[in-house]
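1. Requesting a structural model of the entry that follows:
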Amino acid sequence: MCPAFFILNYNKSKIWKLEKKMLFLNDIFYESKMAEETNKLPPDWNEYWEKSKQEWAEIRQLQKERDAKIDKDWKKLYDLIGGIGDSNGDVAEEAIYNVLEKDMTFANVKFNFIRKNVQLQSEDHRTLTELDVLMVNGDTVSLIETKYKVKKKDVTKLLKDKLVCFRQVFPKYDNHKIILGIGGMAFEENVLEEAKENGIGIIKIVGDKVEYYIDGIKVY
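-> Sure thing, here's the model as predicted:
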């Protein structure tokens, strides 16, 4: 059940009844003030007043519980939305990886090694970044970034973070050519142009097919 349903219905009836009763008590309070001015204070006013203080305290407690419930339910909703985003990203990564693993080819280059989720660590074992897909052969390395929806910042991160970290962590590949790729199911506006301008190959999931755009791919 959607958290919004709980938010709208949590103790709604009970709070409404108490608030209605408090409106009645407010009317009594007004009448008592008028009566006080003419020395005609109702004999049961003290009882009403004590009862009203207790019921106001009950309303405040119910509102506090309702607010806590709202916070909890919205957190569940945000977690659910975040989980959906993570799930979509996993689907895109898995689909692209499976195609690359099957063909062992990217940008018309045949590879003999492929791994996903490769962590690049410093000498003191700190994780610097992670490569979504790494492909290697005797003279070429391919670094491929995968996302559900590819954004401009992903292109920048691939160029200025992952490529740089890879060279620092793996100096043994200094003499290898490096080609870059970025893949996803959807692309933010102008991302394809940004990737092409930087010589990055594009892998696009279209339905149950995978399309490659590798014209102008650059060797780094």
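2. Going by C-alpha atoms from here, please, whenever you check contacts or count neighbours.
-> Fine.
3. any idea what sits nearest residue 140, other than its immediate chain neighbours?
-> residue 177 (4.6 Å; Cα to Cα, 6 or more residues apart in numbering).
4. from memory the one you found sits against residue 141, does it?
-> Yes. With contact defined as Cα atoms under 8 Å, residue 177 counts as touching residue 141 (6.1 Å).
5. Neighbour count: these two, which is higher?
-> Between residue 177 and residue 141, residue 141 has the larger neighbour count (other Cα atoms under 10 Å), namely 22 against 16.
6. which residue sits closest to the more buried one, ignoring its sequence neighbours?
-> residue 178 (4.8 Å).
7. so who does that neighbour touch?
-> Counting by Cα atoms under 8 Å, 6 or more residues apart in numbering, residue 178 makes contact with 140, 141, 142, 143, 219, 220.
8. That one falls within a strand, correct?
-> Yes. Assessed by DSSP: H, G, I helix; E, B strand; the rest coil, residue 178 belongs to a strand.
9. Looking at it now. What's its pLDDT?
-> Predicted confidence (pLDDT) for residue 178: 97.
10. Can you tell me which of the contacts of residue 178 is closest to residue 124?
-> Taking Cα to Cα as the measure, residue 124 lies nearest residue 143 of those, at 23.3 Å.
11. Now the helix or strand hosting the closest one: average pLDDT?
-> For residue 143, the host element (DSSP states H and E) is strand 140-150. Model confidence over strand 140-150, given as mean pLDDT, is 94.
12. Name the residues of it that come out as buried.
-> Across strand 140-150, burial judged by 16 or more other Cα atoms under 10 Å covers 140, 141, 142, 143, 144, 145, 146, 147, 148, 149, 150.
13. residues in contact with the first one?
-> Translated: residue 140. Counted by Cα under 8 Å, 6+ apart, residue 140 has contacts 176, 177, 178, 179.
14. Now residue 146. Nearest residue, chain neighbours left out?
-> residue 183 is the one closest to residue 146 (Cα to Cα, 6+ apart), at 4.7 Å.
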